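J.: Got a sequence here, can you build the structure:
(one chain, ligands or ions: 1)
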Amino acid sequence: MRPETPPRAYTTRPLRRYRTEVDKPRLLLVNGPNLNLLGTRQPEIYGSTTLAEIEQQVAETAAGYGLELRAVQSNHEGVLIDAIQAARADCAGIIINPAAYSHTSVAIPDALSAVELPVVEVHLSNIHTRESFRHHSYVSAVAEVVIAGAGPAGYQYAVRYLAEKLS
Ligand code: DQA
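T.: Numbers count the residues shown, from 1 in each chain. Below is the predicted model of the structure:
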């Protein structure tokens, strides 16, 4: 007697479960509150490069490594958390400038820990040479790498780190 063909539910095919199985690895770039004002916001501290220019440059650098980029900026903590949670499904790494939430949020580092992706934290300014309330970042505890004070180039260094790690 021929063995019964297993029911269709048992004939498994690989699920798109792991980040390495996405078509082209993708990075998530997250920018927090007030960074939409880059270019005009305190240029003596943050420079004159706009967020659109930074996102464009990061996308180009990422493309050079064969990586896609999804860029998110929000002034709302929950929106940032939703974007981080969504990255679990289809991103291979996260670059985040949490801006002022660096110094106040526990929910953002919790979300970053939950998604289990490599995280690079970027700050345009050197937060350690500024007001004391900026010296501590809750996000740093869950970041593999922290880059502060390199201006927009810091984002490029972050892409390079993740690209080399993922290659
Ligand atoms: C910042 C530093 C934070 O202290 C500040 O609240 C920002 C920007 C930076 O990129 O230097 O909004 O994250």
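J.: List, one by one, the residues from the protein near the ligand.
T.: When proximity is defined as Cβ under 6 Å from any ligand atom, the chain approaches the ligand at 34, 97, 99-100, 102, 123-125, 127, 134. No exception for glycine: its C-beta is placed from N, CA and C like everyone else's.
J.: and the two most separated of these?
T.: Across the residues of the chain next to the ligand, no pair lies farther apart than Asn34 and Ile127, at 14.3 Å, counting by Cβ to Cβ.
J.: so which of the residues of the chain next to the ligand is the most crowded?
T.: Ranked by the number of neighbours (other Cβ atoms under 10 Å), the residues of the chain next to the ligand place Asn97 first, at 26 neighbours.
J.: That one pairs with what?
T.: Assessed by DSSP bridges, Asn97 has beta-bridge partners Asn31.
J.: With Gly66 as the reference, measure out to it.
T.: For Asn97, the distance to Gly66 equals 24 Å [Cβ to Cβ, to the nearest Å].
J.: quick revisit: and the residues of the chain next to the ligand, which of them are in strands?
T.: Cross-referencing these against strands under DSSP state E gives 97, 123.
J.: In TSV, list the residues of the chain next to the ligand along with pLDDT and distance to Tyr157.
T.: Output for the residues of the chain next to the ligand, formatted as TSV (pLDDT from 0 to 100; distance: Cβ to Cβ, whole Å):
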residue	pLDDT	distance to Tyr157
Asn34	98	22
Asn97	98	13
Ala99	98	18
Ala100	98	22
Ser102	98	18
His123	98	12
Leu124	98	12
Ser125	98	15
Ile127	98	16
Arg134	98	20
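J.: Including distance to Pro152, could the residues of the chain next to the ligand go into JSON lines?
T.: Shown next, in JSON lines, are these (distance: Cβ to Cβ, whole Å):
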{"residue": "Asn34", "distance to Pro152": "16"}
{"residue": "Asn97", "distance to Pro152": "10"}
{"residue": "Ala99", "distance to Pro152": "14"}
{"residue": "Ala100", "distance to Pro152": "19"}
{"residue": "Ser102", "distance to Pro152": "17"}
{"residue": "His123", "distance to Pro152": "11"}
{"residue": "Leu124", "distance to Pro152": "7"}
{"residue": "Ser125", "distance to Pro152": "11"}
{"residue": "Ile127", "distance to Pro152": "16"}
{"residue": "Arg134", "distance to Pro152": "19"}
